[in-house]
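J.: output the structure for:
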Amino acid sequence: MALKVLLLRSKSDAKKKELQKLREKDAELQKREKELEDAVNEMTAETSEEDRAEVEKQVEDFEREKQEHEDLRKSLEAEIEEIENEIKEDEQRQGKIGTKKEYKEQVVENRTNFFGMSIQERNAFFADEGMKTFLQNVRSCIREQRALTNVGLTIPDIALPLIKQIAEETSKLMKYVTKRPVSGTSRQNIMGEIPEAYWDEMCATLKELDLAFYNMEMDGYKVSGYFAVCNAILEDNDVNLASELLNAIGKAIGKAIDKAILYGKGVKMPMGIVTSLTTKTAPSDYPSTGRKWDDLSTKNVLTGKTTSGVALFQDIVMNTGIIDNDYDTGTIVWVMNKKTHTTLISESMGVNSAAAIVAGTGNTMPVIGGNIVELKYIPDDTIIFGYFKNYVLAERAGTKLGQSEHVKFIEDQTVFRGTARYDGKPAIREAFAIYGIGKAPVTTAPKFAGEAGE
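T.: Next up, the predicted model:
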């Protein structure tokens, strides 16, 4: 921008401030005008000449002051308009090319939204030295067609909240479970059944309640998601490259965690709800101070007796009693695939009984209530339900970016791997159950990424 334009803008800003002060005086003038108007209206034939003369003098003084105010305001507005026109003409003389380039950059700047950050927050994010180095290393890796080190690139701490946000937004179950940050191998204390308090005389000796605490051991297993990045993204700015990487990592992790919460095998991954319920004896690494491991493979794996109408919902309601306990938290969450969800809506449609079965309940379980979560890999007519706050998901610090050896050079893409560390298991196994509509539920775990057949 030319110096002349800078000077003109400074002059214009000063004039605008003067104009603003004048406009602030408008309210005061209006108030005085109303007061004088009331004074004139109050005058009658009995009003003395002295009072009448005083009011007339005040009106004349006010009219003169008001006119001077209006003249000054119009003069300032004209000066500002003249300065703005001069600025516009000077900018046009600087050349249309520069103007177009500046406008184009401004449009891109305004349209680029980075995870809801303000421009100042976004600029601070990309000014972070760790983030700068990280993006430079990613670009170098792709340009030079070389692999990242075995250790991988540690994603800067400043980016971890964004990945966590994306993972939680992508995951359908993380919002229902209990999340706890841990470091290293962690031993979590959990309370057993909550005892009932005693009733006694007002001054009787207080009796001690028996509070039993048990241990859960949490490790930090890696969850990795593979994703391909188009090499053309290198030509884009840091905002686009970072958005591509962080979105891909977060979404891959979120999907993997959902499957692990339900079907995790407990070996190099969290233990899932279904796995826990169908495992008859405690795992070999189960802590001796943990809660008693009961065989729930029959009690909490429920075979439905019917498949349609009111009888179906009566059967489901009766079976929910199996998970009632002293440690339930919140409402029941129901997890199933879309086909099973549609079946429930269809069976409830058109029925209006004392059980108040109403169709069109959206993502809420008819009759019983509680949110329905759809996940495509759950078998047909199988419902996993329970109080999901009784599942503990441990989050370990540190997320890394690695590169797959399978680089798609022909497709001009590079495959990356995002890695985070989590563990998890049901804290209260009895708070969950599996139900099959009209038959035994399918408890076979779906294939995890990287397994044969996936």
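J.: just how off-centre is the lengthiest helix in the chain within its chain?
T.: As assigned by DSSP state H, the longest helix anywhere in the chain is helix 49-93. Distance of helix 49-93 from its chain centroid, counting by Cα atoms, centre = their mean, to the nearest Å, is 53 Å.
J.: avg pLDDT for that helix?
T.: Throughout helix 49-93, pLDDT has a mean value of 84.
J.: and what of stretch 250-262?
T.: 88.
J.: same check, this time on stretch 306-317
T.: If you average the pLDDT over stretch 306-317, you get 90.
J.: got the buried residues for it?
T.: Neighbour-count burial for stretch 306-317, with 16 or more other Cβ atoms under 10 Å as criterion, is recorded at 310, 312, 313, 314, 315, 316. Every residue, glycine included, has its C-beta placed from N, CA and C.
J.: now tell me what touches the strand or helix carrying the last one from outside.
T.: Put plainly, it is residue 316. Using DSSP states H and E, the element containing residue 316 is helix 309-320. For helix 309-320, contacts defined as Cβ atoms under 8 Å, 6 or more residues apart in numbering pick out 302, 304-306, 332, 344, 347-348, 351, 353, 355, 357, 366-368, 383, 385, 433, 435, 437-438.
J.: all strands of the stretch 351-454 of the chain, in order?
T.: Ranges of strands in the stretch 351-454 of the chain, per DSSP state E, counting those that start in this stretch, are 372-374, 382-386, 391-396, 400-403, 413-426, 432-436.
J.: hmm, back to that, chain center to the helix holding residue 316: distance?
T.: Between the centre of helix 309-320 and the centre of its host chain there is 35 Å, according to Cα atoms, centre = their mean.
J.: what angle do that helix and strand 432-436 make?
T.: 150 degrees (axes from the mean of the first three to the mean of the last three Cα atoms, to 10 degrees).
J.: what angle do helix 309-320 and strand 382-386 make?
T.: Angle of helix 309-320 versus strand 382-386, following the same axes, to 10 degrees, is 40 degrees.
J.: just checking: what are the partner strands of the helix or strand just after helix 309-320?
T.: Next along the chain after helix 309-320, taking DSSP H and E as the criterion, comes strand 333-336. In the sheet containing strand 333-336, its partner strands are strand 372-374 (parallel), strand 382-386 (antiparallel), by DSSP bridges.
J.: what does strand 333-336 contact?
T.: For strand 333-336, contacts defined as Cβ under 8 Å, 6+ apart pick out 173, 176, 262, 344, 365, 370-375, 378, 382-388.
J.: got the buried residues of stretch 306-317 as TSV, with distance to residue 65 columns?
T.: TSV is the format used below for the buried residues of stretch 306-317 (distance: Cβ to Cβ, whole Å):
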residue	distance to residue 65
310	83
312	84
313	80
314	84
315	86
316	81
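J.: check which residues of stretch 5-12 are buried.
T.: By neighbour count on 16+ other Cβ under 10 Å, the buried set for stretch 5-12 is 8, 12.
J.: ugh, wrong one, I meant stretch 431-450
T.: 431, 432, 433, 434, 435, 436, 437, 441, 443, 445, 446, 448.
J.: where does the stretch 301-450 of the chain dip in pLDDT?
T.: Applying pLDDT under 70 to the stretch 301-450 of the chain flags the ranges 327-329, 350-362, 397-418, 450.
J.: 90 instead, please
T.: 308-310, 313, 324-331, 342-370, 390, 392-425, 427-428, 447-450 (pLDDT under 90).
J.: now the strands for the stretch 151-300 of the chain?
T.: Going by DSSP E, counting those that start in this stretch, the stretch 151-300 of the chain shows strands at 153-154, 178-182, 186-191, 213-218, 221-230.
J.: mean pLDDT for those strands: which is lowest?
T.: The bottom spot among these, by mean pLDDT, belongs to strand 186-191, with a mean of 44.
J.: quick check: the residue of the chain most remote from its centre vs residue 62, distance?
T.: For the chain, the residue at maximal distance from the C-alpha centroid (Cα atoms, centre = their mean) is residue 49, at 75.8 Å. Distance, residue 49 to residue 62, using Cβ to Cβ, to the nearest Å: 20 Å.
J.: am I right that residue 340 falls within a helix?
T.: Yes: under DSSP: H, G, I helix; E, B strand; the rest coil, residue 340 sits within a helix.
J.: and for residue 426, the neighbour number?
T.: 25 (other Cβ atoms under 10 Å).
J.: for it, give me its contacts.
T.: Taking Cβ under 8 Å, 6+ apart, we find residue 426 in contact with 271, 273, 276, 390, 391, 392, 432.
J.: now that we have the residues you listed, which one has the most neighbours?
T.: Greatest neighbour count in these, by other Cβ under 10 Å, goes to residue 273: 30 neighbours.
J.: rewinding a little: among the strands paired with strand 333-336, which is the most enclosed?
T.: With neighbours defined as mean count of other Cβ atoms under 10 Å, these peak in mean count at strand 382-386, which reaches a mean of 25.
J.: list of residues touching that strand?
T.: With Cβ under 8 Å, 6+ apart as the test, strand 382-386 has contacts from 262, 273-274, 316, 320, 323, 332-337, 340, 370, 378, 431-437, 441-443.
J.: okay, now residue 368: neighbour count?
T.: For residue 368, the count of nearby residues is 15 (other Cβ under 10 Å).
J.: please report how far it lies from residue 445.
T.: According to Cβ to Cβ, residue 368 and residue 445 sit 26 Å apart.
J.: next: residue 169.
T.: Note on residue 169: its distance to residue 445, by Cβ to Cβ, is 25 Å.
J.: then residue 46?
T.: Residue 46 is 101 Å from residue 445, by Cβ to Cβ.
J.: correct me, but residue 303 touches residue 441?
T.: Yes: if you go by Cβ atoms under 8 Å, residue 303 and residue 441 touch, sitting 7.4 Å apart.
J.: thinking again about what came up before, which pair in the buried residues of stretch 431-450 spans the largest distance?
T.: 437 and 448 (25.7 Å; Cβ to Cβ).
J.: farthest-separated two in the buried residues of stretch 306-317?
T.: Pairwise over the buried residues of stretch 306-317, using Cβ to Cβ, the maximum falls at 310 and 316, 10.8 Å.
J.: need the strands of the stretch 351-454 of the chain in JSON lines (columns: distance to residue 284).
T.: Shown next, in JSON lines, are those (distance: least, Cβ to Cβ, whole Å):
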{"stretch": "strand 372-374", "distance to residue 284": "32"}
{"stretch": "strand 382-386", "distance to residue 284": "25"}
{"stretch": "strand 391-396", "distance to residue 284": "20"}
{"stretch": "strand 400-403", "distance to residue 284": "30"}
{"stretch": "strand 413-426", "distance to residue 284": "14"}
{"stretch": "strand 432-436", "distance to residue 284": "22"}
